[in-house]
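Participant: turn this into a structure:
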Amino acid sequence: MEVTAPEVAAPTVSSTFVRKAVPLLCGGAMAGAALVVALNDPSADGSWYPPCAFHAATGLWCPGCGLTRGFHQLFNGNIGAALGYNVFVPLVLVAVAGSWWGWVRVSWGRAERVWPAWTRPWVSTVLPLTLLAYGVLRNIPAAPFDALAP
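Facilitator: You can find the predicted model right below:
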């Protein structure tokens with residue numbers, strides 16, 4: 001019995017359109033979500049944003065606590081206040097925007113960006129350890145660490 005590889009269908013106009021349109025639609029959804037965050041203050045009394053589940057359950061600040069409030073401040077031009085809620089606001093913004101842009105590029109036929117080999121250990125080890133340390137340090141109720149809490 002002879003084994004043959006399955007035939008791969010050529011991309012159709014429809015699949016090409018979907019491949020190109022989906023990242024753009026997701027980008028539009030992210031822009032819409034950013035607009036909602038910019039226009040609605042998560043720290044205001046009666047805010048409809050859900051509280052952090054980790055903070056609600058433990059009373060501790062997780063590394064992500066304050067990101068929504070920080071993005072609200074950043075989108076309204078208050079960079080210092082944004083960093084006061086969470087110092088990772090700029091990093092998260094760059095990571096999300098950069099990942100989305102990379103997806104758009106690949107979807108439109110551009111070559112995928114290859115990161116240098118030295119970045120792999122940093123992303124897989126240093127970044128998670130930094131987030132863990134930040135999560136621990138922002139819960140120490142003494143100066144200067146209490147300034148890390150949102």
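Participant: now the element after the helix or strand of the chain with the lowest mean pLDDT, going C-ward?
Facilitator: Least confident helix or strand, the chain: helix 119-121 with a mean of 85, by mean pLDDT, DSSP states H and E. Sequence order places helix 127-137 as the next helix or strand after helix 119-121, per DSSP states H and E.
Participant: buried stuff in that next one?
Facilitator: 134-135 (16 or more other C-beta atoms under 10 Å). C-beta coordinates here come from the backbone N, C-alpha and C atoms, glycine included.
Participant: low-confidence stretches in this protein?
Facilitator: 1, 5-6, 8-13 (pLDDT under 70).
Participant: any idea how far R110 is from L35?
Facilitator: R110 sits 28 Å away from L35 when distances are taken as C-beta to C-beta, to the nearest Å.
Participant: how about the helices in this protein?
Facilitator: Secondary structure of the chain (DSSP state H): helices located at 13-39, 53-58, 67-75, 79-85, 89-107, 119-121, 127-137.
Participant: now the fifth one against helix 67-75, angle please.
Facilitator: Relative orientation of helix 89-107 with respect to helix 67-75: 90 degrees, computed using axes from the mean of the first three to the mean of the last three C-alpha atoms, to 10 degrees.
Participant: hmm, who's touching helix 89-107?
Facilitator: For helix 89-107, contacts defined as C-beta atoms under 8 Å, 6 or more residues apart in numbering pick out 19-20, 22-24, 26-27, 30, 67, 70-71, 74, 82-83, 111-113.
Participant: out of those residues, which end up buried?
Facilitator: Buried members of those, scored by 16+ other C-beta under 10 Å, are 23, 67, 70-71, 74, 82-83.
Participant: need the max-distance pair from these.
Facilitator: Using C-beta to C-beta, the two most remote members of the buried ones among the contacts of helix 89-107 are P23 and L83, lying 29.4 Å apart.
Participant: what residues are up against the nearest residue to F75 once chain neighbours are set aside?
Facilitator: Spatial nearest neighbour of F75, chain neighbours left out: A38 (3.6 Å); criterion: C-beta to C-beta, 6 or more residues apart in numbering. A38 sits next to 71-72, 75-76 when contact means C-beta under 8 Å, 6+ apart.
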